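> this is a predicted model, with the sequence first.
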Amino acid sequence: MENCLFCRIVRGEIPSTKVYENDQVYAFRDINPQAPVHVLVIPKKHISSIDGIDEASDTDLAACLRAVRHVAAQEKLTGGYRVISNCGPDACQTVPHLHFHVLGGAQMTEKMA
């Protein structure tokens, strides 16, 4: 999508701090981190959210999950990490492009909301 914030980041039109990239996935540091490590993993192909995954290939989706694990290892999140994907306005999805938050680097609380 032409005006999608994350699509523009993938195209290099908006700067980001890249953490990982391959042919299908781009990962970068969140500009408003909620943990010591907070990285966003996104497919390069525009997919609106988890509700839009029928638009994605299994290869693209698997690449996202493999990238999550790669980022966690690269960031040395050996004690564990949290992966979150917000879907829709009630979940506070602020950018309509599928993305996975990788959070870690500190003890998380058990509370999810």
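Arrived safely. None of these values were measured; they are calculated from a predicted model.
> tell me which stretches of the chain form helices.
For the chain, the helices defined by DSSP state H occupy 5-10, 58-74.
> most tightly surrounded among those helices?
Among these, helix 5-10 has the highest mean neighbour count (mean count of other Cβ atoms under 10 Å), at a mean of 18. Every C-beta, even on glycine, is put in place using the N, C-alpha and C of the backbone.
> helices or strands up against that one?
Packed against helix 5-10 by the contact rule (3 or more Cβ pairs under 8 Å, 6 or more residues apart in numbering; DSSP states H and E) you find strand 25-29, strand 37-43.
> for the closest residue to Asp30 other than its chain neighbours, report the pLDDT, please.
Spatial nearest neighbour of Asp30, chain neighbours left out: His38 (4.2 Å); criterion: Cβ to Cβ, 6 or more residues apart in numbering. Listed pLDDT for His38 reads 98.
> what is His38 paired to in the beta sheet?
On the basis of DSSP bridges, His38 is bridged to Leu103.
> who touches it in this structure?
29-30, 101-103 (Cβ atoms under 8 Å, 6 or more residues apart in numbering).
> so can I have a markdown table of these showing distance to Glu110 and neighbour count?
Below are these laid out as a markdown table (distance: Cβ to Cβ, whole Å; neighbours: other Cβ atoms under 10 Å):
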| residue | distance to Glu110 | neighbour count |
| --- | --- | --- |
| Arg29 | 25 | 14 |
| Asp30 | 22 | 17 |
| His101 | 17 | 19 |
| Val102 | 19 | 25 |
| Leu103 | 14 | 20 |
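> out of those, which comes closest to Asp54?
Taking Cβ to Cβ as the measure, His101 is the one of these closest to Asp54, at 22.3 Å.
> can you list the weak-confidence ranges in this protein?
113 (pLDDT under 70).
> re earlier: in TSV: the contacts of His38, plus distance to Thr59.
Converted to TSV, the contacts of His38 look like this (distance: Cβ to Cβ, whole Å):
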residue	distance to Thr59
Arg29	25
Asp30	25
His101	22
Val102	20
Leu103	26
